[in-house]
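Novice: kindly return the folded structure for what I paste below:
(chains A and B, ligands or ions: 1)
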Amino acid sequence: MIRDYYNRNALDEKLRGAPRPPGVNHLAIGHRQAVAMVLAVAGEEDSVESLLSSATDFAVRFSAPGEWLVVSENDTPEGLQRRLNALCSGRAHIVDQSEARVLFRLSGPATRRILAKGIGLDLHPTALATGASANALCGHISVNLARTGEDTFELIAPRSLAQSLFDDLMTMGREYDLTAAFAA
Amino acid sequence: MASLITCPHCGVRPKEEFAIRGDASLVRPAPTASDEAWHDYVYVRTNPRGRTLEHWQHVAGCRRFLVVERDTFTHDVHSVTDGAAFARENGR
Ligand SMILES: [Zn+2]
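Specialist: I've put the predicted structure just below:
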């Protein structure tokens, strides 16, 4: 099967050219990670949640009650789909989203101040702890926001809105000299 | 208008993340109810000054329908319940 969209990142055109060295505040664009949506069958929400949290080699992002995004850096899209199907064994529907989502990884001391320009959530660690995630609005674009560290956040956005979100984030980060490149 | 809504699934969120879907206190008439009852249900709305029950959908968040009890005069939000839980509690 030809994996056109998977191999061609939505931001290829934006990040064309020689990469500049990453600054203190940096936006890394995820490259070739597998993303899948997990939708629990009615009544199985709690068991699916504990099954997902028992696995350690992928990240689980909360989207809604009974709905999660799973991000894996090591699996192929097919591999992740197969693994999740085996893990949930009929308790959830698994939908591959690897070609449909773009992952933005924002890091640096000004990250919270940059995000606060577009996201109406309290980003203080006491309100959004490390490891917590939720869907939120960034400007006019609905994203899944996750805190992966004290000053690192990940945003998962729909592919068709990735260029727009990229421009928004770069504008939000301009006063902090935000740099951008594909993740290593 | 109330500018912060505490979603039971997502926490405190700005109102821009929601779409307001109208009066949540209405109960759908029986299919065989009179035309008048159906007309009232579909078209006739009050414009209350004070407490109201409304459906708000968290479109930019969990996408769930919520029932928001708020005051149109003071802008206080009294309660936010998940739509499914609200229906269960009220035997709908
Ligand atoms: Zn919500």
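Novice: care to break chain A down by domain?
Specialist: Using automatic domain parsing, the domain ranges for chain A come out as A:26-31+A:100-182, A:34-96.
Novice: could you look up the next helix or strand downstream of the helix or strand bottoming out on mean pLDDT in chain A?
Specialist: Using mean pLDDT, DSSP states H and E, the weakest-scoring helix or strand in chain A turns out to be helix A:4-7, at a mean of 75. Sequence-wise, the next helix or strand downstream of helix A:4-7 (DSSP states H and E) is strand A:26-29.
Novice: tell me which element residue A:135 falls in.
Specialist: Once you assign secondary structure using DSSP H and E, residue A:135 falls within strand A:133-138.
Novice: so what secondary structure elements neighbour that strand?
Specialist: strand A:59-64, strand A:141-149, helix A:162-172, strand B:11-14 (3 or more CB pairs under 8 Å, 6 or more residues apart in numbering or on different chains; DSSP states H and E). Where you see a C-beta, it was placed from the backbone N, CA and C, and this is true even at glycine.
Novice: residue A:122 sits in which helix or strand?
Specialist: Under the criterion DSSP H and E, no helix or strand holds residue A:122.
Novice: got the helices and strands packed on strand A:133-138 as a markdown table, with distance to the ion columns?
Specialist: As requested, the helices and strands packed on strand A:133-138 are exported to a markdown table (distance: least, CB to the ion, whole Å):
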| stretch | distance to the ion |
| --- | --- |
| strand A:59-64 | 7 |
| strand A:141-149 | 11 |
| helix A:162-172 | 20 |
| strand B:11-14 | 7 |
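Novice: so can I have a markdown table of these showing mean pLDDT, mean neighbour count and distance to residue A:84?
Specialist: Converted to a markdown table, these look like this (pLDDT from 0 to 100; neighbours: other CB atoms under 10 Å in any protein chain shown; distance: least, CB to CB, whole Å):
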| stretch | mean pLDDT | mean neighbour count | distance to residue A:84 |
| --- | --- | --- | --- |
| strand A:59-64 | 95 | 19 | 10 |
| strand A:141-149 | 96 | 20 | 17 |
| helix A:162-172 | 96 | 18 | 24 |
| strand B:11-14 | 93 | 17 | 27 |
